[in-house]
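Colleague: here's my sequence, what's the structure:
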Amino acid sequence: MQIRKVTSAVLLANMCFGFQASASVTNSNQVLPVSSEATFCSQSPDTVEKSVLSFELASAYLSDGEFNKARKEAENAIDLSVSCFGRLSKETVLTSAKLYGDLYDFAVKQGDKHTAISYQKSLKGVIDNLSEITVDSSDTLATVYSEIALQLESYRLPVLSAKQSIAFAETSAQLAYKAWGNDDTRTIKQFFELGRLQYTSGQYDVAAQTLTGVIASLERIFDYSHPWALQSHVMIAEALANDGQLVEAIQHSQQVAQMKPWQDNIEPILLLKKTPDKPRAAMKFFEDAHVTISFDINTNGQVQNARIIDQFGGKRFTAKALEALNEWRFSPRIVDGEPVIANNQTVTFDFNDAFFEEAEPSRLKASRSQEHFYESKRSTLIQRENRNMGNSVY
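Modeller: Predicted structure coming up:
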């Protein structure tokens, strides 16, 4: 009976690892029963397998909206990781950061400020202790910082202050450069994120320098316009315009219209968006205000012909939404290798007092998935090339 249970646990563990590897097409309905049964079948409380399965189960509970079960299983997964690898190991640090971060983000989404603050403190504690982490190489340390940096980028509300975020991104970028070199896509991604944070915090001169380096690295690697390069050009253009350097700003802005596509047909990609300011006085009377706008994207990637198709709250909200949308910037739609106008895009701005986030234009969701697909393919090719050149790349 014991052999049967262990064998069952191994088989179920392998199934769960398979689900984990194909996370892009997996939903919680698949992961939840498998990881739950595999965790139950596993007999040893401190096995690596059970630690991983407990992590998967916590994530599946959270995806399924079962917050209390998720937080309980998350603590179990972290305890198991400490037992297996140690408190300051790479595995425990990344497990803790990921689970605390996901629980924090879920609480933010639910408007549970008390719980969000609690997990924000837990995640900050993990970050504060990174200087004590036990690693065997500069590659491992760079991996830990890079993964946490990208994780911090994904949350609805920031975990760190703007100053702390930039400091962390600077450390992560320098560690990536030291471990992987200047033209590794992982390093470029860290410097791109650093430049984005510098830009959003108003450090325009520094941001322009950082993002110029990002563009140079991408142009050495790719013979087409990478989305990070396009986003960098747009941010640099905005930074230069704010500094009164209009001629240089126009030159960078034109790079979007002159993009070199990586395939013949590409839907628009959102490069830069602005969040509408809240009309605070009106928010007291319209807490659920929203504005839905239809618009076109011209061949320069700029918004045109914006028109209101639905709204609740009145003209103050529609004015703020239109003002923000007109500052959005996209890559143009590409058909047969040429830019064309993309008609009838839609976006809804929800003015919510507990949490405020604008939705991505509905007709761009498919192109966003398409971008991720091609990005994955390009990363695989670059990794192979880097291996052939002797670089240290996964």
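
Colleague: count of neighbours near the closest residue to A162 other than its chain neighbours?
Modeller: Leaving aside its sequence neighbours, A162 sits nearest to S201 (C-beta to C-beta, 6 or more residues apart in numbering; 4.5 Å). Every residue, glycine included, has its C-beta placed from N, CA and C. For S201, the tally of surrounding residues (other C-beta atoms under 10 Å) stands at 15.

Colleague: now V48
Modeller: By other C-beta under 10 Å, neighbour count at V48 equals 15.

Colleague: the one 10 residues further on now?
Modeller: Residue neighbour count, defined by other C-beta under 10 Å, stands at 27 for A58.

Colleague: coming back round to it: phi, psi of the residue nearest to A162?
Modeller: In terms of degrees, to the nearest 10, the main-chain angles of S201 are phi -90, psi 0.

Colleague: the one 5 residues further on now?
Modeller: Backbone geometry at V206, expressed as degrees, to the nearest 10, gives phi -70, psi -40.

Colleague: OK, contacts around it?
Modeller: Counting by C-beta atoms under 8 Å, 6 or more residues apart in numbering, V206 makes contact with Q198.

Colleague: and it, how far from Q198?
Modeller: Here V206 is placed at a distance of 5 Å from Q198 (C-beta to C-beta, to the nearest Å).

Colleague: swap in T171?
Modeller: 14 Å.

Colleague: which SS class is T275?
Modeller: coil (DSSP: H, G, I helix; E, B strand; the rest coil).

Colleague: which stretches of the stretch 151-300 of the chain form strands?
Modeller: 270-272, 290-297 (DSSP state E, counting those that start in this stretch).

Colleague: return the residues in contact with the spatially most central residue of the chain.
Modeller: The centroid of the chain falls nearest to S154 when counting by C-alpha atoms, centre = their mean (3.7 Å). The contact partners of S154, by C-beta under 8 Å, 6+ apart, come to D105.

Colleague: would you list the phi and psi of it?
Modeller: According to degrees, to the nearest 10, S154 has phi -90, psi -10.

Colleague: what pLDDT does the residue nearest to A162 get?
Modeller: Looking at S201, its pLDDT is 92.

Colleague: same question for Q20.
Modeller: Q20 carries a pLDDT value of 48.

Colleague: about what we covered before: for the strands of the stretch 151-300 of the chain, give me CSV that also has distance to V135 and mean pLDDT.
Modeller: Shown next, in CSV, are these (distance: least, C-beta to C-beta, whole Å; pLDDT from 0 to 100):
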stretch, distance to V135, mean pLDDT
strand 270-272, 35, 93
strand 290-297, 45, 94
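
Colleague: quick one: which of the ones you listed is nearest E327?
Modeller: strand 270-272 (7.7 Å; C-beta to C-beta).

Colleague: so what strands line up beside the closest one?
Modeller: Applying DSSP bridges, strand 270-272 is found paired with strand 329-330 (antiparallel).

Colleague: okay, buried residues for the helix or strand following the strand it pairs with please.
Modeller: Downstream of strand 329-330, the first helix or strand assigned by DSSP states H and E is strand 333-335. Residues of strand 333-335 classed as buried by neighbour count (16 or more other C-beta atoms under 10 Å): 333-334.
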